[in-house]
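**Q** With the input below, show me the fold.
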Amino acid sequence: MNKSFPPYMNATGNIGKILDKIKVAATPPRFTQDYLAAELKFPGGGAKAFIPFAKKLGLLNSDGTPSELYKQFRNKGSSKAAMAQAIRTGYAQLYSANEYAHSLSREDLEGLILEVTGAEKTNKTVTAVLKSFESLKAFANFDAELKEENTPTQINNQPTVSNKEASHFSGSDQIELGLSYTINLVLPKTSDVAIYNAIFRSLRENLLRK
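**A** The predicted structure is shown next:
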């Protein structure tokens, strides 16, 4: 039995056109078929497959809301890196077999798809996967890296600790912060040992407990 196929659209010509529209259109609360038809102007049946396609890429969440990756794709500064991440996410099957799947020639990429799916060479879905991958790759830069959205900041006026500083408090070099104090004790002059025992017992019970 063939394995499941990586993400694809049969109407592969729509992929680039829809992505171009996404870049300039406002981000919707939910990416629905109505939004695809009315706002992006893709009412045709072939375009409807874009929504499940985008979900597999991580551009849309399971409920149809645009993901953080979707928003990063719309940002000119992170767009190509975001699409590279989307491709790696959606085509994890291919990347598990070859981590440089995006650098393969068309013929070698087709061979990789045949390898991971077990499909026959004449299967039309293989061609759809191949063309879908290539359509997405035109929007990607695999040498670019996505910047972290959440950078260390001060919260409630408390300074953050850098990774370098934190390393001094982790692993085998862990240091525990503690307080030390000195007790100056003046003992009374007495030959009664019970008095001394009572004093040291009181110290132990009230001051020397951990």
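**Q** So in the chain, where's the weakest helix or strand by average pLDDT?
**A** When each helix and strand of the chain is scored by mean pLDDT, DSSP states H and E, helix 163-166 comes last, with a mean of 46.
**Q** so where's the chain shaky on pLDDT?
**A** 1-3, 147-196, 198, 200, 202-203, 205-210 (pLDDT under 70).
**Q** could you pull out the helices for it?
**A** Applying DSSP state H to the chain gives helices spanning 13-24, 33-34, 50-57, 68-74, 79-90, 92-97, 106-117, 124-137, 163-166, 193-206.
**Q** Mean neighbour count and distance to P43 added to these, as JSON lines?
**A** Backbone N, C-alpha and C define where each C-beta goes, glycine included. As requested, the helices of the chain are exported to JSON lines (neighbours: other CB atoms under 10 Å; distance: least, CB to CB, whole Å):
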{"stretch": "helix 13-24", "mean neighbour count": "16", "distance to P43": "11"}
{"stretch": "helix 33-34", "mean neighbour count": "12", "distance to P43": "9"}
{"stretch": "helix 50-57", "mean neighbour count": "20", "distance to P43": "12"}
{"stretch": "helix 68-74", "mean neighbour count": "19", "distance to P43": "21"}
{"stretch": "helix 79-90", "mean neighbour count": "21", "distance to P43": "25"}
{"stretch": "helix 92-97", "mean neighbour count": "16", "distance to P43": "32"}
{"stretch": "helix 106-117", "mean neighbour count": "17", "distance to P43": "30"}
{"stretch": "helix 124-137", "mean neighbour count": "19", "distance to P43": "20"}
{"stretch": "helix 163-166", "mean neighbour count": "9", "distance to P43": "51"}
{"stretch": "helix 193-206", "mean neighbour count": "11", "distance to P43": "81"}
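**Q** got CSV for those helices, with distance to P6 too?
**A** As requested, these are exported to CSV (distance: least, CB to CB, whole Å):
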stretch, distance to P6
helix 13-24, 14
helix 33-34, 23
helix 50-57, 8
helix 68-74, 17
helix 79-90, 7
helix 92-97, 5
helix 106-117, 7
helix 124-137, 5
helix 163-166, 36
helix 193-206, 70
